[in-house]
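A.B. asks: 3D model of this:
(one chain, ligands or ions: 1)
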Amino acid sequence: MATTKIPHATAKRLPIYYRYLHFLSDAGKQRVSSTELADAVKVDSATIRRDFSYFGALGKRGYGYDVESLLAFFKKTLKQDKLTNVALIGVGNLGHALLNYNFHQSNNVRISAAFDINEDITGTIQSGVPIYHMDDMKEQLTVQQIEIVILTVPSNIAQEVTNELVEVGIKGILNFTPLRITVPNSVRVQNVDLTNELQTLIYFLDKFGQEGESEVD
Ligand SMILES: NC(=O)c1ccc[n+]([C@@H]2O[C@H](COP(=O)([O-])OP(=O)(O)OC[C@H]3O[C@@H](n4cnc5c(N)ncnc54)[C@H](O)[C@@H]3O)[C@@H](O)[C@H]2O)c1
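C.D. replies: Numbering: from 1, shown residues only. Reported below is the predicted structural model:
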């Protein structure tokens, strides 16, 4: 079962399910039906059942899903039971915003190091995160065993920085730059493009109105 290939759209919904299950668990709820879950997370119940089916028969007919066992399962799948340190490269406008935010809703991911070339900010601590000079990047990433980075540098140097990250063994890059960076197969890149998201929203509103459509790969 561990080798089951999960569609990208399903994988993207897992944190949404996880957050709501956490909420239910905190509220002392023991079980939840797919319809109830669908209402809460705004994903239709057929999609939820299909998503969950990738992980085996987790629900029981007429009973719904057991909140604690589902939560334990997602915790493991999403690696929520261990803290993941990530690094931020490029502490400008966007980088600062991400540092301030520092995923405080999540207790399992945090930015533990940031890097820049601007000597006005290197050597300082911002929002509790040390800002190192890029000259120290390789060493710090290795010492801190960081495998995931958030890339918020100007696009003209994004590839150059990426090459250094690849050399040091980074496994995942959350790429905010508009450049579609080139990496070997061993590295996974997730692109974040707010303009794109906004245009997708406009497209769906235009085409389907407020009913929208649930995202399916
Ligand atoms: N994905 C999105 O929706 C979205 C939204 C806004 C900005 N962006 C992109 O994010 C990136 C950052 O945008 P911004 O507005 O924060 O820019 P910015 O100019 O404010 O910040 C860039 C930072 O990178 C640093 N930097 C420059 N060269 C560097 C290098 N070689 N190594 C490390 N750091 C270096 C600069 O000193 C600066 O602190 C840009 O590529 C921009 O296009 C994406």
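
A.B. asks: Need the single longest helix in the protein, by residues.
C.D. replies: With DSSP state H setting the assignment, residue counts place helix 8-26 as the longest helix in the chain.

A.B. asks: Up against the ligand, what does this structure have?
C.D. replies: 89-95, 115-118, 134, 152-155, 157, 161, 176-178, 192-194 (CB under 6 Å from any ligand atom). C-betas here are computed from N, CA, C, even on glycine.

A.B. asks: Recalculate using a threshold of 8 Å.
C.D. replies: 89-97, 115-118, 121, 134, 151-155, 157-158, 160-161, 176-179, 191-197 (CB under 8 Å from any ligand atom).

A.B. asks: Can you name the next helix or strand after the longest helix of the chain?
C.D. replies: Sequence-wise, the next helix or strand downstream of helix 8-26 (DSSP states H and E) is strand 31-32.

A.B. asks: how distant is that following strand from the center of its chain?
C.D. replies: Centre-to-centre, strand 31-32 and its host chain are 26 Å apart (CA atoms, centre = their mean, to the nearest Å).

A.B. asks: Any idea how many residues pack against residue 187?
C.D. replies: When neighbours are defined as other CB atoms under 10 Å, residue 187 has 17 of them.

A.B. asks: show me where this structure has strands.
C.D. replies: Using DSSP state E, the strands of the chain run over 31-32, 65-66, 84-89, 109-116, 125-126, 129-133, 148-151, 172-175, 188-191.

A.B. asks: I would like the residues contacting the last one, please.
C.D. replies: If I follow you right, that is strand 188-191. Strand 188-191 is contacted by residues 171-175, 180-181, 183 when judged by CB atoms under 8 Å, 6 or more residues apart in numbering.

A.B. asks: redo that, cut-off 6 Å
C.D. replies: The contact list for strand 188-191, computed with CB atoms under 6 Å, 6 or more residues apart in numbering, reads 172-175, 183.

A.B. asks: Can you find the helix or strand in the protein with the smallest mean pLDDT?
C.D. replies: When each helix and strand of the chain is scored by mean pLDDT, DSSP states H and E, helix 67-77 comes last, with a mean of 84.

A.B. asks: Nothing else from me, thank you.
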